[in-house]
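*Asks:* Here is my input; please provide its structure:
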Amino acid sequence: MFERVSQSQSANQGIMATILKHLPSETGVTKIEYEGPYIGLHTKTPRFLLEHQDLISQLVNSIKKRIVIRTDSSIRSSEKATRHILNSICLSKDDISDVFFDPALGEATIFVKDLSALSILSQNDIDLTEKTGWRMIFRRQPRNIKIYKSINDILSTRSAERILFYKQTGEKIFRPKLSGTTEANIVCLGGFNEIGRSSLLLITHESKVLLDFGMKVGQDDNLNSLPRLDTTGLSTEDIDGVIISHGHFGHSGALPLLFKYGYQGPVYCTEPTLPLMISLQRNYLQARKNTSMYSKNEIDEVILHTIPVNLGSVTDISPDVRLMLTNAGHILGSASMHLHIGNGDHNLVYSSDFKFGKTIALDNSVWNFPRVETMVIESTHGSREDIFPLREDVENCLINSINSCLESGGSVLIPVPTLGISQELCITLGMLTSIGRIKPEKIFVEESILDLLDFYEIYSEYLSRNLKLRISADEKDPLFTDALVPLDRRQDNWDRCIVLAPSADLTGGKSTLLLKEICADTSSKLIIVTNPMPFTPSFNIAAGERSLLLGKRKIQLDCSVDVIRGFTDHSDYNQLLAYVSRLKPKLRRVITNHGSANKCHALATNLNKIFKISTQHPSVHESIKLL
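*Replies:* Got it, this is the predicted structure:
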């Protein structure tokens with residue numbers, strides 16, 4: 001142990017010495033410190049480093065580590081003085097709605113109401129950093145900022161803990177390797193031959209890294225609802241890091257449990273994923289109340305230990321594993337994981353949930369990885385029959401279905417999940433209304449869906465190219481949200497309105513209550529656009545059942561019912577094949593997961609036949625040797 005610590009100190013001193021050797025005196029660097037997977041340069045003269053990015057690039061190439069520029073805490077203005085300086089730049093005192101400060105990173109996030117003001121402030125970024133001593137991040141003001149504020153409050157009040165955590169994490173990441181041997185295995189903990197509780201464990205000679213840690217909703221048995229980390233014999237202290245692909249509960253819902261049982265390491269994800277997964281974890285806590293498996297304290301620990309990672313950047317997360325997150329096109333901030341193991345010994349891609357097809361909100365998933373030997377790929381729609389119509393045809397079906405109901409004076413109910421398809425539908429319905437293809441009196445949307453839609457505005461850089469062009473062109477309503485109205489069940493008149501509410505499977509929530517209200521109205525309509533889970537009310541209705549038990553009440557559906565296939569945030573069968581065919585050089589192995597047993601088996605079989613690739617469709621508990 002002593003020898004390893006000595007080696008670590010020596011290696012760290014070597015990195016710091018190399019940085020100091022390349023830094024001219026004008027940089028004003030006062031401190032060089034590990035900041036998780038990054039090395040932070042703290043400076044009293046930030047302008048010099050910000051204007052000489054070529055110097056930073058040379059340093060990165062020299063030490064092969066990522067570098068971030070931080071301002072020395074001694075030059076930071078007070079929060080009050082900083083707000084005053086910011087307001088002096090704007091055309092109106094009302095341009096800036098909120099400013100959130102992060103003392104641990106020396107960053108100030110400014111929310112701006114007007115896009116022209118946002119442009120003015122962005123152009124003065126370096127000047128403002130020099131005047132205030134805070135690095136500036138500018139965001140568009142959303143409808144509601146309460147979730148973002150609550151997260152920022154935790155980050156701000158626990159800055160001292162975070163600074164220590166970042167330093168300790170960096171020392172572990174950049175420790176010397178134990179040996180030159182490279183070994184790699186993955187252990188299937190959840191989400192294999194099933195949907196829900198997605199998780200797998202990557203084990204190398206140096207590292208143990210969890211990829212996702214989700215929870216299966218609706219399971220009372222913990223053995224079937226949680227990833228089976230217990231079967232590995234590892235304690236939470238053995239884990240070097242956790243990577244979360246996206247905010248859906250099936251991929252991030254069990255994460256607070258790791259902290260409940262002693263985990264104190266880093267969580268890596270994209271910036272939008274943090275508030276989205278925290279929102280769903282808090283929703284679970286509120287819904288379960290006394291039966292929740294974790295508390296608010298554990299969710300706060302997730303916030304404290306999360307380190308956001310930008311798409312496309314290569315980041316060290318352990319001595320022998322480098323991570324690159326790439327756009328998955330599934331929901332906002334969703335990412336596939338490219339893991340570079342050892343010195344180029346093996347490259348693993350975990351696709352997680354991804355969409356290799358057109359949507360309004362998000363760009364297509366990335367496929368052009370430099371090297372991939374093994375891919376773990378989702379199989380949600382992995383059978384040959386899972387081929388959906390073109391997006392344009394799906395939209396036309398939706399338009400016709402909605403218009404036929406509105407013209408008869410009825411109401412349209414669309415049950416949706418809280419996150420994902422719901423935000424895509426909000427933008428789609430808003431767009432169709434703006435161009436006159438549908439003409440509802442109102443589009444009512446449940447508040448929790450709108451809360452998460454706000455993050456589509458905050459993190460607009462993650463949106464599709466077309467939406468980003470609308471934003472940069474200063475369109476009045478770039479995300480088509482003006483047509484959306486918060487759902488209020490006290491509303492008396494639903495005639496000729498569209499309502500979006502959870503849950504998608506009609507197992508609870510406001511969609512269930514609303515269906516009970518319209519079920520006897522022959523002029524109204526229920527439209528199912530999701531792929532319902534088996535044995536749920538939505539599944540039974542889609543199969544043709546019209547008399548069913550909804551909660552404790554038996555109802556008869558006299559309203560119209562339309563099932564529209566194709567509004568999915570997963571890839572269909574053809575898209576899965578197209579994705580694999582694009583990968584160059586050819587994959588050595590494909591492992592299927594995130595699908596029913598028959599879907600995982602079907603996709604593995606067909607990929608093997610078509611592309612002559614070795615395939616596997618393992619179950620939970622199985623271990624697979626990569627190297």
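*Asks:* When you work out contacts or count neighbours from here on, use the C-alpha atoms and nothing else.
*Replies:* Noted.
*Asks:* So what touches the strand or helix carrying Ile427?
*Replies:* Using DSSP states H and E, Ile427 sits within helix 421-434. With Cα atoms under 8 Å, 6 or more residues apart in numbering as the test, helix 421-434 has contacts from 331, 359-361, 416, 438-440, 445, 449-450, 452-453, 479-484, 500, 530, 567-569.
*Asks:* Of all the residues in it, which ones are buried?
*Replies:* Going by neighbour count (16 or more other Cα atoms under 10 Å), the buried part of helix 421-434 is 421-434.
*Asks:* which residue ranges form the helices in the stretch 301-450 of the chain?
*Replies:* For the stretch 301-450 of the chain, helices defined by DSSP state H, counting those that start in this stretch occupy the ranges 391-406, 421-434, 447-458.
*Asks:* Relative to Leu603, which of those helices is closest?
*Replies:* The closest of those to Leu603 is helix 391-406. By Cα to Cα, the value is 22.7 Å.
*Asks:* In terms of secondary structure, what does the closest one contact?
*Replies:* strand 412-415 (3 or more Cα pairs under 8 Å, 6 or more residues apart in numbering; DSSP states H and E).
*Asks:* What is the strand it packs on packed up against?
*Replies:* Strand 412-415 packs on helix 391-406, strand 497-501, helix 509-518, strand 525-528, going by 3+ Cα pairs under 8 Å, 6+ apart.
*Asks:* So for that strand, mean pLDDT?
*Replies:* What strand 412-415 shows for mean pLDDT is 97.
*Asks:* Need the residues that contact it.
*Replies:* Taking Cα under 8 Å, 6+ apart as the rule, strand 412-415 contacts 402, 405-406, 496-506, 511, 514-515, 524-529.
*Asks:* Let's see that with 6 Å instead.
*Replies:* By Cα atoms under 6 Å, 6 or more residues apart in numbering, the residues outside strand 412-415 that reach it are 498-504, 511, 524-527.
*Asks:* now these in TSV, with pLDDT and distance to Gly241?
*Replies:* Supplementary listing: these in TSV, determined by pLDDT from 0 to 100; distance: Cα to Cα, whole Å:
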residue	pLDDT	distance to Gly241
Ile498	97	44
Val499	97	41
Leu500	97	37
Ala501	96	36
Pro502	95	33
Ser503	92	32
Ala504	94	33
Ser511	94	38
Ser524	97	50
Lys525	97	47
Leu526	97	44
Ile527	98	42
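*Asks:* Filter the residues you listed down to just the buried residues.
*Replies:* 498-504, 511, 524-527.
*Asks:* Now the element after the helix or strand Asp153 falls within, going C-ward?
*Replies:* Element membership for Asp153 (DSSP H and E) is helix 146-157. Using DSSP H and E, the helix or strand that directly follows helix 146-157 along the chain is helix 159-173.
*Asks:* That following helix vs helix 146-157, what angle?
*Replies:* Angle of helix 159-173 versus helix 146-157, following axes from the mean of the first three to the mean of the last three Cα atoms, to 10 degrees, is 80 degrees.
*Asks:* List the beta-bridge partners for Phe111.
*Replies:* Asp98, Arg139 (DSSP bridges).
*Asks:* Tell me which residues touch it, please.
*Replies:* Here Phe111 is in contact with 96-98, 139-141 (criterion: Cα under 6 Å, 6+ apart).
*Asks:* Could you report the pLDDT at it?
*Replies:* Predicted confidence (pLDDT) for Phe111: 93.
*Asks:* ok, now Leu348?
*Replies:* 97.
*Asks:* Only alpha carbons, please: show stretch 248-263 as PDB.
*Replies:* What follows is stretch 248-263, C-alpha atoms only, in PDB (Å, rounded to 0.1, in the frame of the first residue of the first chain):
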ATOM      1  CA  HIS A 248     -35.200   7.200 -17.200                       C
ATOM      2  CA  PHE A 249     -36.000   5.400 -14.000                       C
ATOM      3  CA  GLY A 250     -35.200   2.000 -15.400                       C
ATOM      4  CA  HIS A 251     -31.600   3.200 -15.900                       C
ATOM      5  CA  SER A 252     -31.100   5.500 -12.900                       C
ATOM      6  CA  GLY A 253     -33.800   4.800 -10.400                       C
ATOM      7  CA  ALA A 254     -31.800   2.600  -8.000                       C
ATOM      8  CA  LEU A 255     -28.700   4.900  -7.900                       C
ATOM      9  CA  PRO A 256     -29.600   6.500  -4.500                       C
ATOM     10  CA  LEU A 257     -29.400   2.900  -3.000                       C
ATOM     11  CA  LEU A 258     -25.700   2.800  -3.700                       C
ATOM     12  CA  PHE A 259     -25.200   5.800  -1.500                       C
ATOM     13  CA  LYS A 260     -27.500   4.400   1.200                       C
ATOM     14  CA  TYR A 261     -25.200   1.400   1.400                       C
ATOM     15  CA  GLY A 262     -21.900   3.300   1.500                       C
ATOM     16  CA  TYR A 263     -20.900   4.300  -2.000                       C
END
